[in-house]
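**Student:** Provide a 3D model corresponding to the input given below.
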Amino acid sequence: MRLSELPKGTAALVEDVEAVHASDAIARRLRDLGFVRGEPVRIVATGPLGGEPLLVYIGHTRFALRRSEAARVRVRTEAMAALPVVEPGDRQGVREVPVEDALS
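**Tutor:** Next comes the predicted model:
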């Protein structure tokens, strides 16, 4: 399953980030940001028009991703009771990075 297809609020684990070509800068940057095998991930909100961007928690960090970027991340869903529940209003331990800075 792709991260872009994950239902809002469903916990999952990152399987892989797929690169379009060998020197795919977006795939490399997603990996650098923490989208690596085994990391817990969850979509907590979507934008109003067309559902973009997606607000995604990866570990304890949140990012806004375009659907096309989220489609590069393969995930698997799991019943993960150990995954901490972090609500969008809870900023403790959360580092925000604007998507423009995060993916450039």
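
**Student:** going forward, measure contacts between C-alpha atoms and count neighbours the same way
**Tutor:** Fine.

**Student:** what sits opposite residue 42 in the beta ladder?
**Tutor:** Beta bridges link residue 42 to residue 57, judged by DSSP bridges.

**Student:** how about it, what does it touch?
**Tutor:** Residues in contact with residue 42 (Cα atoms under 8 Å, 6 or more residues apart in numbering) are 6, 8, 9, 10, 11, 12, 56, 57, 58.

**Student:** swap the cut-off to 6 Å and go again
**Tutor:** 9, 10, 11, 56, 57 (Cα atoms under 6 Å, 6 or more residues apart in numbering).

**Student:** repeat that for residue 63.
**Tutor:** By Cα under 6 Å, 6+ apart, the contact set of residue 63 is 55, 56.

**Student:** can you give me the neighbour number for the residue nearest to residue 6 when sequence neighbours are not counted?
**Tutor:** Once its chain neighbours are removed from consideration, residue 6 has its nearest residue in residue 43; the separation is 7.2 Å (Cα to Cα, 6 or more residues apart in numbering). Counted by other Cα atoms under 10 Å, the residues lying close to residue 43 total 23.

**Student:** picking that back up, buried ones from the contacts of residue 42, can you make that a PyMOL selection?
**Tutor:** Selecting in PyMOL just the buried members of the contacts of residue 42, where the criterion is 16 or more other Cα atoms under 10 Å, is done with this command:
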select buried, resi 11+56+57
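
**Student:** any chance of the contacts of residue 42 in TSV, with distance to residue 26 too?
**Tutor:** Putting those into TSV (distance: Cα to Cα, whole Å) gives the following:
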residue	distance to residue 26
9	24
10	24
11	23
56	16
57	18
